[in-house]
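In: Model the structure of this input:
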Amino acid sequence: MSTSRGLQANVLGTFDSVVMAVAGSAPAYSLAATTAVLVGTVGLAAPAALLYCAIPMLGIAWAFSYLGRLDVNAGASYSWVGRAVHPFLGFLSGWALVVSATIFMVAGSLPAGSMTLSLFDPSLANDTALATVVGAAWFLVMLAVVLMGAKLTVHAQLVMSGIELTILLVFAVAALFKGGAVNHFSWSWLGFSHFDGVHGFAAGALIAAFYYWGWDVTSNLSEETRNSRKASGLAGLIGVVVVFVLFEVFTISVNVLLGADDIQDNSGNVLAVLGDTIWPGWGGKLLIVAVMLSTIATLETTLIQVTRSLFAMGRDRTMPAALGRSHPRWRTPSVALLVVGAVALTLFVAANALGSVGDILEDAVAAIGLQIAVYYGLAGLAVVIAYRKVLTRSAANFFFGGVWPLAGAVFMFWIFYESLGELSGTAIAIGIGGLATGLFPMLWYWRRGSAYYRPEPLDAARAEQNEREYGSQDPVYAGSAGDTIATDF
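Out: Residues are numbered from 1 along each chain as shown. Have a look, this model is predicted:
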């Protein structure tokens, strides 16, 4: 049974949000599943791709932080872009997240199953059918955890991410003192010399964007977070910085300790090979545990993102209204969870026809990268429009609310355009085709007169005026109890 009541407010604190941001980017999973794809695309320039994607990604994180101060909404960029730029672009921004997260259910669940199997018998790790079954089982467990409330979700994350990060930190330190280098460290790995031209750089940056993706789950949880106007954005920024450090340390370690053949022959889990190299015997097993926990943890945060986005869409009547209902006891978007669960399980079955775990991951990562570039780029554009009247009030507003997010938006749109010529037909079909399917519900509910398509403009100057007139419980810019609007840092 579901009800139209909203989500449970004030459940999460700032520390909880930071944990969710780090878990959302899934450091161990991203390294294990994506390193081979990144190295195969840019070679020794993998650390540079992560570095030069991190800078604009922080600009997008600042955009989310500033926008979250004006509009506390589980739909996040879906709401912000719709109110600041245009409702059509807002819907497509939300749809891009929904589609990318749904694709990730396959891209994430298969490695979860593969990693679990490899703990018992490494020969089973590449059995796509068996990995699908085990991965689906993990997915259903996370579905149940997310259904039972944000507090239980965070408690589960604290355990899984705590163990994962402890293992990663131990191996990060060990890698610094490990001998037997295949390649000696070179500062050129952080420069541009190893990229194969502009197209090569763009393709690498698109993959790097997938590494970072997920920190913005804090914004989708804003309606359930205390003092969310500040806490959600701050947690996202901290999350990006933490995972950037981890990504760089391990990617440089891979360059130093593993050869190209080792990376490509173990494309499904490069971390396990790195672990065996650093600590023969137990090292690979421990990092497999880290990857497994990271994968399961990010399935949980991805479920949060897609279901909160669908909840906001259902509430706004831009998707079926039933999606905007919450469970009467746990106050979670139960209908959205059931729908996402059914769709994801169907995709698990279909994924078996696409090839091996590695093949599925390569196309999925590229397709998700295209969709990430769209909705992150639109958020970077939205904050500049929303804050345009107050950007000159201070240097902080001008830089963190204007220049840096705008640069991030331009970068995201640029890598989207440049990488199209480098991707496989399958990746483009999934990435662009998935976005195009959103035109049908968008036009259908627009024609039916959804109020979302007649938005109250998102304007920082007006928000400040409303704050003076109405206090913290602004009738337009509603948020959690105790929140206040701030347009200046």
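In: Tally up the residues packed near Gly281, please.
Out: A count of neighbours around Gly281, defined by other C-beta atoms under 10 Å, yields 9. Placement of C-beta: from N, CA and C, glycine included.
In: Would you double-check that it falls in a helix?
Out: No: with DSSP: H, G, I helix; E, B strand; the rest coil as the criterion, Gly281 is coil rather than part of a helix.
In: how far away is it from Gly275?
Out: From Gly281 over to Gly275 the distance is 10 Å, taken as C-beta to C-beta, to the nearest Å.
In: cool, and Val134?
Out: As judged by C-beta to C-beta, Val134 and Gly275 stand 21 Å apart.
In: okay, the two: which has more neighbours?
Out: Between Val134 and Gly275, counting by other C-beta under 10 Å, Gly275 is the more crowded of the two (27 against 19).
In: tell me what whichever strand or helix holds that one is packed against?
Out: Taking DSSP states H and E as the criterion, Gly275 maps to helix 270-278. Using 3 or more C-beta pairs under 8 Å, 6 or more residues apart in numbering; DSSP states H and E as the contact criterion, the secondary-structure elements in contact with helix 270-278 are helix 27-42, helix 150-176, helix 228-257, helix 260-265, helix 283-315.
In: among those, which gets the worst mean confidence?
Out: For those, mean pLDDT drops lowest on helix 260-265, to a mean of 80.
In: Buried residues, that helix. List them.
Out: Residues of helix 260-265 classed as buried by neighbour count (16 or more other C-beta atoms under 10 Å): Asp262, Ile263.
In: Check what contacts that helix and list those residues.
Out: Contacts to helix 260-265, defined as C-beta atoms under 8 Å, 6 or more residues apart in numbering, come from residues Thr35, Ala36, Val39, Gly40, Gly43, Val254, Val270, Val273.
In: Now do the contacts for Gly239.
Out: Contact partners of Gly239, counting by C-beta under 8 Å, 6+ apart, are Val18, Met20, Ala21, Val22, Gly24, Ser25, Ala61, Trp215, Thr218.
In: Relative to Leu70, how far out is it?
Out: From Gly239 to Leu70 the distance is 21 Å (C-beta to C-beta).
In: now swap in Leu221 and tell me
Out: In this structure, Leu221 and Leu70 are separated by 17 Å, where distance is defined by C-beta to C-beta.
In: Give the burial count for Ile55, as a bare number.
Out: Other residues within reach of Ile55 by the criterion other C-beta under 10 Å amount to 13.
In: Oops, could you answer that again for Ser123 instead?
Out: The tally of other residues near Ser123 (other C-beta under 10 Å) stands at 9.
In: Please report the distance of it from Ala137.
Out: Distance from Ser123 to Ala137, counting by C-beta to C-beta: 20 Å.
In: so what's the nearest residue to Gly191 once chain neighbours are set aside up against?
Out: Setting aside the residues directly before and after it, Gly191 is nearest to Ala48 in space (C-beta to C-beta, 6 or more residues apart in numbering), at 6.1 Å. Applying C-beta under 8 Å, 6+ apart, one finds that Ala48 lies in contact with Val42, Trp189, Leu190, Gly191, Phe192, His194, Phe195, Gly204.
In: Near the second one, how many other residues are there?
Out: Spelled out, that is Trp189. By other C-beta under 10 Å, 21 other residues sit near Trp189.
In: for the last one, same thing?
Out: When neighbours are defined as other C-beta under 10 Å, Gly204 has 29 of them.
In: Tell me which helix or strand Met20 sits in.
Out: Per DSSP H and E: Met20 is located in helix 14-25.
In: how about that helix: buried residues?
Out: Taking 16+ other C-beta under 10 Å as the neighbour-count basis, helix 14-25 is seen to contain the buried residues Thr14, Asp16, Ser17, Val18, Val19, Met20, Ala21, Val22, Ala23, Gly24, Ser25.
In: okay, the residues you listed in JSON lines with pLDDT next?
Out: Below are the buried residues of helix 14-25 laid out as JSON lines (pLDDT from 0 to 100):
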{"residue": "Thr14", "pLDDT": "95"}
{"residue": "Asp16", "pLDDT": "95"}
{"residue": "Ser17", "pLDDT": "96"}
{"residue": "Val18", "pLDDT": "96"}
{"residue": "Val19", "pLDDT": "95"}
{"residue": "Met20", "pLDDT": "96"}
{"residue": "Ala21", "pLDDT": "96"}
{"residue": "Val22", "pLDDT": "96"}
{"residue": "Ala23", "pLDDT": "94"}
{"residue": "Gly24", "pLDDT": "94"}
{"residue": "Ser25", "pLDDT": "94"}
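In: want to throw these into a markdown table with distance to Leu310?
Out: Conversion of the buried residues of helix 14-25 to a markdown table gives the following (distance: C-beta to C-beta, whole Å):
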| residue | distance to Leu310 |
| --- | --- |
| Thr14 | 26 |
| Asp16 | 22 |
| Ser17 | 21 |
| Val18 | 25 |
| Val19 | 23 |
| Met20 | 18 |
| Ala21 | 21 |
| Val22 | 24 |
| Ala23 | 20 |
| Gly24 | 17 |
| Ser25 | 22 |
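In: Quick check: the farthest pair among the residues you listed?
Out: Thr14 and Ser25 (17.5 Å; C-beta to C-beta).
In: Just give me the neighbour total for Val154.
Out: For Val154, the tally of surrounding residues (other C-beta under 10 Å) stands at 22.
In: My understanding was that it contacts Val19; is that so?
Out: Yes: the criterion here is C-beta atoms under 8 Å, and Val154 meets it with Val19 at 6.6 Å.
In: Contact partners for the residue nearest the centre of the chain?
Out: Per C-alpha atoms, centre = their mean, the C-alpha nearest to the average position across the chain is that of Gly214, at 1.9 Å. Contact partners of Gly214, counting by C-beta under 8 Å, 6+ apart, are Ala21, Ala23, Gly24, Ser25, Ala26, Thr298, Thr301, Thr302, Gln305.
In: Poorly predicted segments of the stretch 301-450 of the chain, please.
Out: Per-residue confidence for the stretch 301-450 of the chain (pLDDT under 70) gives these ranges: 351-362.
In: ok, which stretches of the stretch 301-450 of the chain are helices?
Out: Using DSSP state H, counting those that start in this stretch, the helices assigned to the stretch 301-450 of the chain run over residues 334-351, 357-386, 395-398, 404-419, 425-436, 439-447.
In: excluding its backbone neighbours, what's nearest Arg331?
Out: Ranked by C-beta to C-beta, 6+ apart and with sequence neighbours excluded, the top spatial neighbour of Arg331 is Gln8, at 3.7 Å.
In: count of residues packed around that neighbour?
Out: 18.
In: Kindly provide the distance from it to Gly401.
Out: Using C-beta to C-beta, one obtains 30 Å as the distance from Gln8 to Gly401.
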